[in-house]
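Q: got a predicted structure plus its sequence, pasted below:
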Amino acid sequence: MSKTTSSEAQAGGSASSATETTPLIATNVVEEPDNGGGGGGGTASAGLSAKQTAFLIAGEMAGSGVLALPRALVKTGWVGVPIIIGMCAIAAFSGKRLGDCWSIIEGRDPEMRSRKRNPYAIIADQALGRTWSVIVSMAVTVTLFGAAVVYLLLAAQIIEQVLHSLIPAVTFCSWYLIVAGAMTPLMLFGTPRDFSFIGVVALGATVLACALYFIQMMSEVRPFVFRLGIHGFEDFFLAFGTIMFAFGGASTFPTIQNDMADKSKFSKSLQWSFIAILLLYLPIAIGGYAVFGESVAPNVAASLKDTPLKLVGNILMALHLLAAFMILINPVCQEMEELYNVPRESTGWRFAVRLSIMAGLLFIGESIPRFDKILALVGGTSVALLTFILPSYCYLNLIKQSRAEGQKPIETPGWMKMVCWEVIAVGVVGGVATTISAISTIFGSTLTKPCYL
């Protein structure tokens, strides 16, 4: 028999009534029956399309990575290029396993075909037990919370660069407050399908910004100098953490997949998303390192000369970061609302929860106003766990579990099981080494002074 836990029991009830067990189903929308393939008739009210899902995934991920990877190559040298490609492939493989986990759970229990606020935690509960469900909930919150801080810090930094000549008296710390305040009302969107257009905005702005940045880089090309890079153990794994973070979108994958009209198309959406992300990352990472070398800034945009191309690129990148912030922070909001049993219809309590989340974002950002340090720490801890360790581990445990009478066994080739264990090993080793390096840097002699001091 498959595991039946308290989480599963709480998920019961009719899929047609909007309760806290089916919080993503609007009370004023009648959905078409779900026959196991993901449900719905493909209408907007039934859920996200495969194309909308691809845009949301790519739009969420392709932001901080594209700005931070050139500096990561400084610390890894050219060996960082195959590492970027390899980590992209591993993250895509892990995302596919995560999607398979949810498909397995839905196949075993029809009650799971209704929309859930915390699908990743449910996967951990079914595969590993209640304790791991709690750990995953905490890790998802930490990952997305940390990523949201990074995106707000980057947006504030870019806006400061754009407007510095007009209002030089406004500091970076003040811009962070302004940006956070402006984004607070937009946090009230319920679920990803309520703002599916944001994925198009986020990805489109990134593509255009990257094109403008790359053109500007090429206009600043210097005589080529071959660089070996690799500064040492600590710097190498700080860069490794940055690369892990750049592909660490798995925290939101189950939430986005759970909002799809046809969940069986999640793998296709994931495939196109990662191809798009890699095509964005490589030219900027290689170009930034080749052109600026050791002098490239943690945010590569800061290394470019002030030109109209850079100005427009910065505006577009700020737009992307703010749009992606909404995608990132939404699962955190839903997780907290689930934790505190906030009714979906209670706008007042939802606003209170989300306002408290923004207060936390403000405190962390003002305390550690260096996005690259937060990025590496989150990459080595919760991102390593959620993107590179747990998807494969949960999948391996789910396929081993006994099945109810009449359910077919899950056929998994041996090579896939071996790859799963290899991915887990990469996540464990890379995560531990990166975390040690990041903590050493954050609390070392270069500790950044908080804004409020």
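A: That came through, no problem.
Q: in a strand, Ala425, correct?
A: No - looking at Ala425 with DSSP: H, G, I helix; E, B strand; the rest coil, it is helix, so not inside a strand.
Q: pLDDT at it, what is it?
A: We have a pLDDT of 95 for Ala425.
Q: cool, Glu32 as well?
A: At Glu32, pLDDT is 38.
Q: equivalent analysis for Ile104, please.
A: What the model reports as pLDDT for Ile104 is 88.
Q: so which helix or strand takes in it?
A: helix 80-108 (DSSP states H and E).
Q: which strands and helices lie in contact with the next helix or strand after that helix?
A: Going down the chain from helix 80-108, the next helix or strand is helix 119-128, by DSSP H and E. Judged by 3 or more Cβ pairs under 8 Å, 6 or more residues apart in numbering; DSSP states H and E, helix 119-128 is in contact with helix 6-10, helix 80-108, helix 130-163, helix 253-258, helix 390-400. All C-beta atoms are positioned from the backbone trio N, CA, C, and that covers glycine.
Q: is it possible to get TSV of those that adds distance to Pro283 and mean neighbour count?
A: Below are these laid out as TSV (distance: least, Cβ to Cβ, whole Å; neighbours: other Cβ atoms under 10 Å):
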stretch	distance to Pro283	mean neighbour count
helix 6-10	44	13
helix 80-108	11	21
helix 130-163	19	22
helix 253-258	25	28
helix 390-400	28	22
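Q: of all those helices, which lies closest to Tyr340?
A: Distance to Tyr340, taken as Cβ to Cβ, is lowest for helix 130-163 among the helices and strands packed on helix 119-128, at 12.6 Å.
Q: who are the packing partners of the closest one?
A: helix 6-10, helix 64-76, helix 119-128, helix 172-183, helix 308-339, helix 347-367, helix 371-378.
Q: next structured bit after the worst-scoring helix or strand of the chain on mean pLDDT?
A: In the chain, no helix or strand scores lower on mean pLDDT, DSSP states H and E than helix 6-10, which sits at a mean of 39. Counting by DSSP H and E, the next helix or strand C-terminal to helix 6-10 is helix 50-61.
Q: so for that next one, what's the average pLDDT?
A: pLDDT averaged over helix 50-61 gives 84.
Q: kindly state the pLDDT recorded for Met168?
A: No, residue 168 isn't Met; it's Pro. Note on Pro168: pLDDT of 85.
Q: what residues does it make contact with?
A: Pro168 makes contact with no residue, according to Cβ atoms under 8 Å, 6 or more residues apart in numbering.
Q: now it. Its backbone dihedrals?
A: phi -70, psi -20 (degrees, to the nearest 10).
Q: pull the contacting residues for Ser346.
A: Taking Cβ under 8 Å, 6+ apart, one finds nothing in contact with Ser346.
Q: ok, now the one 4 residues further on?
A: By Cβ under 8 Å, 6+ apart, the residues touching Arg350 are 188, 333, 337, 342, 344.
Q: how near is the nearest residue to Phe388 once chain neighbours are set aside to Ile85?
A: With sequence-adjacent residues excluded and distances taken as Cβ to Cβ, 6 or more residues apart in numbering, Phe388 is closest to Gly427, at 3.0 Å. For Gly427, the distance to Ile85 (Cβ to Cβ, to the nearest Å) stands at 17 Å.
Q: and for Leu386?
A: Distance, Leu386 to Ile85, by Cβ to Cβ: 21 Å.
Q: again with Ile243
A: According to Cβ to Cβ, Ile243 stands 10 Å off from Ile85.
Q: re earlier: if I look at the residue nearest to Phe388, how far off is Ser392?
A: Taking Cβ to Cβ, one finds Gly427 at 8 Å from Ser392.
Q: repeat for Ile159
A: Applying Cβ to Cβ, the value for Ile159 to Ser392 is 39 Å.
Q: again with Ile424
A: 5 Å.
Q: try Leu73
A: Distance of Leu73 to Ser392, computed by Cβ to Cβ: 27 Å.
Q: what do you get for Glu111?
A: Taking Cβ to Cβ, one finds Glu111 at 26 Å from Ser392.
Q: returning to what we had before: closest one to Val353 among the helices and strands packed on helix 119-128?
A: Between Val353 and those, the tightest spacing by Cβ to Cβ is seen for helix 130-163, at 12.3 Å.
Q: the inter-axis angle of that closest one versus helix 172-183?
A: Comparing the axes of helix 130-163 and helix 172-183 via axes from the mean of the first three to the mean of the last three Cα atoms, to 10 degrees yields an angle of 110 degrees.
Q: contact partners for the closest residue in space to Ala147 that isn't next to it in sequence?
A: Spatial nearest neighbour of Ala147, excluding adjacent residues (Cβ to Cβ, 6+ apart): Leu328 at 5.1 Å. Listed by Cβ under 8 Å, 6+ apart, the contact partners of Leu328 are 60, 144, 147-148, 151, 252.
Q: switch to 6 Å and redo it
A: Residues in contact with Leu328, defined by Cβ atoms under 6 Å, 6 or more residues apart in numbering, are 144, 147-148.
Q: distance to Thr184 added to the residues you listed, as CSV?
A: Listed next are the contacts of Leu328 as CSV, based on distance: Cβ to Cβ, whole Å:
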residue, distance to Thr184
Leu144, 16
Ala147, 17
Ala148, 12
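Q: out of those residues, which is nearest to Gly379?
A: Ala147 (9.5 Å).
Q: what's the spacing between Pro450 and Pro369?
A: Noted for Pro450: a distance of 7 Å to Pro369, by Cβ to Cβ.
Q: ok, these two, which is more surrounded?
A: Pro369 (20 against 13; other Cβ atoms under 10 Å).
Q: secondary structure class for the more buried one?
A: Following three-state DSSP, we place Pro369 in the coil state.
Q: tell me the confidence at it?
A: With respect to pLDDT, Pro369 has a value of 70.
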